[in-house]
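[1] Quick one, what's the 3D model for this:
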Amino acid sequence: MLKEEIGDRASEIIWRGRQWIVTNFGLETLGDPFPYEVAATRLTEGWQGADESLLAWPMELAAKTWVDYRDFVTAYLVALGVHQEAYSPVDVATIKASLNEGRAMWEATKAEMLGEFDDD
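    Model (predicted):
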């Protein structure tokens, strides 16, 4: 495993994507364009949005324009597998629903930014 400076500390990298990595700490960006971290213990926190039955991180990060959401989803699933002893258990249906809703939100945000919506 690689050790790399991530933010202000060294983390052991377990998996590496384009923008996201899974480390011994949890889930992190490579720092570009922003350093962002989610501790392993917080991976299955509930979302404080319109549908509180969903998980926070897939929804929260889907709304951020700088996030490579496809890479995030892969990293999130890897982190859930690697750190399953650290977080509160959650059922597969909740994970799937959260990722599906997050993906839809990300696609809508991306389309809006690209001007693909008509103002009818």
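[2] I'd say residue 57 and residue 46 touch.
    No: in terms of CB atoms under 8 Å, residue 57 does not count as a neighbour of residue 46; the distance is 10.3 Å. Backbone N, C-alpha and C define where each C-beta goes, glycine included.
[3] So which of those two has more stuff around it?
    residue 57 (21 against 16; other CB atoms under 10 Å).
[4] Counting by contacts, list what the helix or strand encompassing the more buried one packs against.
    Assigned by DSSP states H and E, residue 57 falls within helix 56-62. Judged by 3 or more CB pairs under 8 Å, 6 or more residues apart in numbering; DSSP states H and E, the packing partners of helix 56-62 are helix 69-82, helix 92-113.
[5] mean pLDDT lowest for which of these?
    Ranked by mean pLDDT, those end with helix 92-113 at the bottom, a mean of 91.
[6] and it, what other elements does it pack with?
    Counting contacts by 3+ CB pairs under 8 Å, 6+ apart, helix 92-113 is packed against helix 56-62, helix 69-82.
[7] quick one, what contacts the most centrally placed residue in the chain?
    The residue lying closest to the centre of the chain (CA atoms, centre = their mean) is residue 72, at 4.6 Å. With contacts defined as CB atoms under 8 Å, 6 or more residues apart in numbering, the neighbours of residue 72 are 19, 20, 58, 61.
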